[in-house]
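J.: Kindly generate the corresponding structure for this input.
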Amino acid sequence: MQKIKIIEAKENHKRLDIFLTEELKDDFDFSRSMVQKIIEKGNVTINQEIVTIAKKTIEPNDIIEIIIPEPEPTEIEPEKLDLKIVYEDQDLLIIDKENNMVVHPGAGNKSGTVVNGLLGQMQNLSSIGGVERPGIVHRLDKQTTGLLIVAKNDKTHRLLTQMLVDHQIYKEYIALVWGEFEENEGVIEAPIGRHENDRKKMSVTHTNSKYAKTSFKVLERFNNATLLQLSIETGRTHQIRVHLNFIKHPVINDPVYGRKNEKPTAFGQYLHAAKLMFIHPITKQEININSPLPEEFNVMIKKMGEDK
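T.: Below is the predicted model of the structure:
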């Protein structure tokens, strides 16, 4: 049965989607993007007139009626996958993702994803990410291994998302990259947006881009290669890979941003999400989780060392 909520506006010249996101937060915990979809589908009226424009401004005493949609049934098949759970409580869990595993279903990936595995063994997952991304707070690329946070309820999901925005979740990565560094550490600050010619790729650009910051530290030097420790203040799509490509030190075996003369391997790119550290949004306890490098990563480091 559909729920209907009626609100009398008290504010002047505020965007409809922003106003409703704030008003519905406590009862339904909708994200702004979810509210925008509700508006665009014609499920909101102002003074009994249907409104489908999310950025429409409201006036004091406007009567706003919202039809709250029923949760969409998921079409994702639960699967019994061997997800490596390294931390779990009643609000969240942390997975150590293996190589070549996609996080959520999409075009060409309907099974074998982290989400398929979660649905196969979890009773509760947050709904904020929609039917295709239940519980998913942030993502890792298919060939990036390591630590991934999953929310079990909407409240935890919302709080974790805000913590990411406020840079309150420390994420550390290890990467094996091409080239030698003169400096021992540094910072890459360069805006990231869609590639102008290939919409599937990201690039450093000043057109329709967002600020991005990546810090790096040299761990070990090899012949024409370097082992780096990296941390990110922002979470742009493919950020580390794009930034390293931008400074001419692409991740080894990166299939998208790597060197064009590289031959793809079964393991793929040498990028690992090695550490997560944050204050639990519910219990307020410190969470500090480390993930060891995959065996294939260690084999490559050993080989690089022998070639010095």
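J.: How about F30, nearest residue that isn't a chain neighbour?
T.: Nearest in space to F30, with sequence neighbours left out and distances taken as CB to CB, 6 or more residues apart in numbering, is L24 at 5.1 Å. Yep, even glycine has a C-beta here, placed from its N, CA and C like the rest.
J.: Check whether that neighbour sits in a helix, strand or coil.
T.: Look at L24: counting by DSSP: H, G, I helix; E, B strand; the rest coil, its state is helix.
J.: Do you know the pLDDT at it?
T.: According to the model's per-residue confidence, L24 sits at a pLDDT of 77.
J.: What is the burial count for it?
T.: The local packing of L24 (other CB atoms under 10 Å) involves 18 other residues.
J.: Can you name the residues that contact it?
T.: By CB atoms under 8 Å, 6 or more residues apart in numbering, the contact set of L24 is K5, F30, V35, I66.
J.: Out of these, who's the most crowded?
T.: If you count neighbours using other CB under 10 Å, the busiest of the contacts of L24 is V35, which has 24 neighbours.
J.: can you list the domains in this structure?
T.: 3-68, 72-166, 168-307 (the TED database).
J.: hmm, which helix or strand of this protein has the shakiest average pLDDT?
T.: strand 3-8 (a mean of 74; mean pLDDT, DSSP states H and E).
J.: Show me what it is in contact with.
T.: Residues outside strand 3-8 that contact it (CB under 8 Å, 6+ apart): L20, E23, L24, D27, N61, D62, I63, I64, E65, I66, I67, I68.
J.: Quickly note the distance from the second one to K14.
T.: Think E23. 10 Å (CB to CB, to the nearest Å).
J.: In terms of neighbours, single out the busier of the two.
T.: Here E23 and K14 are compared on neighbour count by other CB under 10 Å; more neighbours surround E23, at 18 against 15.
J.: and the residue of the chain positioned farthest from its centre, what pLDDT?
T.: Among the C-alpha atoms of the chain, the one most distant from their mean position (CA atoms, centre = their mean) is that of N61, at 38.7 Å. Per-residue confidence for N61 comes out at a pLDDT of 87.
J.: returning to what we had before: please name every helix or strand in contact with the helix or strand that comes right after the least confident helix or strand of the chain.
T.: Later in the chain than strand 3-8, the nearest helix or strand by DSSP states H and E is strand 14-15. Identification of packing neighbours for strand 14-15 by 3 or more CB pairs under 8 Å, 6 or more residues apart in numbering; DSSP states H and E yields strand 57-58.
J.: For the strand it packs on, what is the distance to the chain centroid?
T.: For strand 57-58, the gap between its own C-alpha mean and the chain's C-alpha mean amounts to 31 Å (CA atoms, centre = their mean, to the nearest Å).
J.: ranges for the helices of this protein?
T.: Using DSSP state H, the helices of the chain run over residues 16-28, 32-40, 114-121, 154-165, 239-246, 295-306.
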